[in-house]
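Engineer: Quick check, what structure comes out for this input:
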Amino acid sequence: MNSLKLPGRFALVFLLATWGYFLFFMPTFDFDESLYRRVAEEMKLSHDYWRMTWDHWPVNHKPPLFYWLICIFSFAVDGSAAGVSSLAARLPNFCASLGILGTLYWAGKKVADDSTRAGWAPVLAFTSALFPILTATTVIFDPIQTLALMPSLIIPTLVFHRGVKLKPLHWTVWSLSLFLSCALKGLNGMVIPSLALGFHLLINIKNEGVGKTFRFGLRFLGFVFLPAVALTALFYFGLDHRIGPQFTHEFLWIQHFERSQVPMEEHSGSYLYHFWVIFFGAGFLAPLLLDRARRTKVSYGKQGFPLTYAFTFVLVFSFSATKLPHYTWPVWPALALYFGVLLSLVKETGFEPSKRSPLPLQQVLKVVSFLPVLILGMTLLALATQSDLLLQTFAKSLAAQSVAKQFGGFEGWEKSLFFVGAITCFFSQLRRRSITASVETNALLAAFVTLCLVLGLGRTARNLMVMPFEEMAQTLKLRGVQTGDCIRYSGAQSPTFSLALGNQIFHNRCEPQDLKYLVAPEWKAQECETRNLSRLEQKSYLVLCGKK
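Structural biologist: Numbering: from 1, shown residues only. Now for the predicted structure:
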């Protein structure tokens, strides 16, 4: 770290502090987080590592590899006899996020001809984005799949940008990257990176010629894609043999084809859904990246593969009916690596920005690039002041109004954190030239604001998990819920999984966060029925079934 400037070092300290807070103090608060932790816990305690269940009901919508990793960390952290703690469940993605930073550092050096200081540029650019930092330690499949996909991003970037001649090791690592990403989450881990490469080969034909492009495509097909397909087929054939055809039907058919046609669990949105997630989730990365792109001349065929890679992921998921913000995870390392590529061009060519006034479109892009930071600042100011107007305008996604009504709002020190974060955002706009010129300063501001946001919301997030527990449990008992009564979580056409709620509540094995998704407005014996719930229940499809 001797080559890293002091602001960059502080940025990494704040980043690790944010992730450490999630690891040690934040319970699993999203339903998916709770689900994955509980599935791994049952797998560990039953010693049956081929059956994925929640309270003995099958959960076959993802492969078991991620659950195996959680179990391994749980054995190391919790011991062999205990269940799976939130810490153990978060550790795989924490390590994966560190791995992403490490591979970005290595790639940054390679695109800049082994410059040690240049290696930190994509790392700090990645830490400037709000969305990946806030979700890096969550118990979801995307960060660890993104790590598996890193060779599929880095190797083509080096080929197009540096003209690297690939050796057998490169082809092997690339193929294993596609296989592991498929084994972790699904076929998108192979299909989308391959599409991105195909698109960019077509774009780069004018630079390399038809013959050379065709030969490279054939080598990719023979040395990377087909071996990855063979390994993936063997892996899922083995899962079909050990788990059963119900896994193959649920995972390969429902979770791939039906999920792309019909929104599951009401996770829907417009075609621009993921573009908006990237734009508003970019935080301080937006002005940094767009300003550098505006000032640097590039040959897109040679330097633009990271953007093609990012755009392909967004394009494919935009046409899928089911939309979730964490689908954008592979995009963030690609944008960070592209920033490293842009810096390497400045170093090599000595290109200086034009003294002339920029074009009107460039001026518009410059103004627009700062909107994510300004909106983040207004959101923090809304939380600090508890202004009804600001809350309704800027803080709906944080459910700040519900929090204020249910739990008496935020304490003074929490409001102070929000206010400091807001002032930092606004101050950075007064120093636009320095924020876009220095990636270290940019990363420091982003990491500091993110830490303020996380610390300020931490108590409230924990209260949301704990406070409804006793009230909900008492309500269920008064309604006559008995051990064995169940909840069904319905997918688009068929149930994704079921779980026995009675055992969870009455034997104290129910996580408080599980209960915030429940509602029982009416009872129907021997029947589970999907209902549209309010925002308070997160539009979940969980329905309580039991006897009157």
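
Engineer: And the helices in the stretch 51-200 of the chain?
Structural biologist: Assigned by DSSP state H, counting those that start in this stretch, the helices in the stretch 51-200 of the chain fall at 65-77, 86-111, 116-127, 130-135, 142-162, 168-184, 188-203.

Engineer: Sort out which residues of the longest one are buried, please.
Structural biologist: Along helix 86-111, these residues count as buried under the neighbour rule (16 or more other C-beta atoms under 10 Å): 86-97, 99-101, 103-105, 107-111. Backbone N, C-alpha and C define where each C-beta goes, glycine included.

Engineer: again with the last one
Structural biologist: By 16+ other C-beta under 10 Å, the buried positions in helix 188-203 come out as 188-190, 192-197, 199-201, 203.

Engineer: domain assignment for the chain?
Structural biologist: 6-349, 370-466, 470-545 (automatic domain parsing).

Engineer: For Phe131, see how far away the residue nearest to Asn188 when sequence neighbours are not counted is.
Structural biologist: Excluding the flanking residues, the one nearest Asn188 by C-beta to C-beta, 6 or more residues apart in numbering is Val316, at 7.1 Å. Separation of Val316 from Phe131 (C-beta to C-beta, to the nearest Å): 18 Å.

Engineer: Format the domains of the chain as CSV; extra columns: mean pLDDT and distance to Val364.
Structural biologist: Formatted as CSV, those follow (pLDDT from 0 to 100; distance: least, C-beta to C-beta, whole Å):
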stretch, mean pLDDT, distance to Val364
domain 6-349, 89, 11
domain 370-466, 73, 11
domain 470-545, 35, 35
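
Engineer: Hmm, Ala422 is touching Thr385, no?
Structural biologist: No - Ala422 is not in contact with Thr385 according to C-beta atoms under 8 Å; the separation is 9.1 Å.

Engineer: Between these two, which has more neighbouring residues?
Structural biologist: Between Ala422 and Thr385, counted using other C-beta atoms under 10 Å, the more crowded position is Ala422 (23 against 15).

Engineer: surely Glu41 meets Val84?
Structural biologist: Yes - using C-beta under 8 Å, Glu41 is in contact with Val84, at 4.0 Å.

Engineer: so what's Lys185 up against?
Structural biologist: By C-beta atoms under 8 Å, 6 or more residues apart in numbering, the contact list for Lys185 reads Lys62, Pro63, Phe66, Phe141, Asp142, Gln145.

Engineer: go again using 7 Å as the cut-off
Structural biologist: Taking C-beta atoms under 7 Å, 6 or more residues apart in numbering, we find Lys185 in contact with Lys62, Phe141, Gln145.

Engineer: ok, back up a step: Glu41 and Val84: which has the busier surroundings?
Structural biologist: Val84 (27 against 23).

Engineer: List the contacts of that one.
Structural biologist: Arg37, Ala40, Glu41, Lys44, Ile70, Ser74, Asp78.

Engineer: The last one: neighbour count?
Structural biologist: Spelled out, that is Asp78. Using other C-beta under 10 Å, Asp78 is surrounded by 17 other residues.

Engineer: That one and Ser85 touch, don't they?
Structural biologist: Yes - at 5.3 Å, Asp78 and Ser85 qualify as touching, with contact defined as C-beta atoms under 7 Å.

Engineer: Give the residue from Val316 and Phe131 that has the larger number of neighbours.
Structural biologist: Phe131 (20 against 17).

Engineer: tell me the contacts of the closest residue to that one other than its chain neighbours?
Structural biologist: With C-beta to C-beta, 6+ apart as the criterion, Phe131 has its nearest non-adjacent residue at 3.1 Å, and that residue is Gly281. By C-beta under 7 Å, 6+ apart, the contact set of Gly281 is Ala129, Leu130, Phe131.

Engineer: try 8 Å this time
Structural biologist: Gly281 makes contacts with Ala129, Leu130, Phe131, Pro132, Pro325, Thr328, Pro372, as judged by C-beta under 8 Å, 6+ apart.

Engineer: Reformat those residues into JSON lines and put distance to Met52 next to each item.
Structural biologist: Output for these, formatted as JSON lines (distance: C-beta to C-beta, whole Å):
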{"residue": "Ala129", "distance to Met52": "32"}
{"residue": "Leu130", "distance to Met52": "32"}
{"residue": "Phe131", "distance to Met52": "28"}
{"residue": "Pro132", "distance to Met52": "27"}
{"residue": "Pro325", "distance to Met52": "24"}
{"residue": "Thr328", "distance to Met52": "26"}
{"residue": "Pro372", "distance to Met52": "38"}
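
Engineer: so Ser344 is in which element?
Structural biologist: For Ser344, the element it lies in under DSSP states H and E is helix 331-349.

Engineer: And Leu451, how far from Asn93?
Structural biologist: Between Leu451 and Asn93 the computed distance is 19 Å (C-beta to C-beta).

Engineer: Check His161 too.
Structural biologist: According to C-beta to C-beta, His161 stands 29 Å off from Asn93.

Engineer: returning to that earlier point: Arg292: which of the contacts of Lys185 is nearest?
Structural biologist: Nearest to Arg292 out of these is Gln145 (C-beta to C-beta; 27.7 Å).

Engineer: hmm, back to that, of the contacts of Val84, buried ones?
Structural biologist: Buried by 16+ other C-beta under 10 Å: Arg37, Ala40, Glu41, Lys44, Ile70, Ser74, Asp78, out of the contacts of Val84.

Engineer: Let's have those in JSON lines, adding distance to Gln303.
Structural biologist: Converted to JSON lines, the buried ones among the contacts of Val84 look like this (distance: C-beta to C-beta, whole Å):
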{"residue": "Arg37", "distance to Gln303": "41"}
{"residue": "Ala40", "distance to Gln303": "41"}
{"residue": "Glu41", "distance to Gln303": "46"}
{"residue": "Lys44", "distance to Gln303": "46"}
{"residue": "Ile70", "distance to Gln303": "38"}
{"residue": "Ser74", "distance to Gln303": "43"}
{"residue": "Asp78", "distance to Gln303": "46"}
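
Engineer: So which of those residues is the closest to Leu337?
Structural biologist: Distances from Leu337 to these, taken as C-beta to C-beta, are shortest for Ile70 (28.3 Å).

Engineer: My read is that the closest one contacts Glu33, right?
Structural biologist: No - Ile70 is beyond contact range of Glu33, at 11.2 Å (criterion: C-beta under 8 Å).

Engineer: Show me whatever sits in contact with both of the two.
Structural biologist: Common neighbours of Ile70 and Glu33 (C-beta under 8 Å, 6+ apart) are Ala89, Val139.

Engineer: returning to that earlier point: list the residues that contact both of Glu41 and Val84?
Structural biologist: With C-beta under 8 Å, 6+ apart, Glu41 and Val84 have common neighbours Ser74.

Engineer: Out of the contacts of Lys185, grab the one that's most surrounded.
Structural biologist: Gln145 (24 neighbours).

Engineer: which helix in the protein runs the most residues?
Structural biologist: Of all segments of type helix in the chain, defined using DSSP state H, the longest is helix 439-466.
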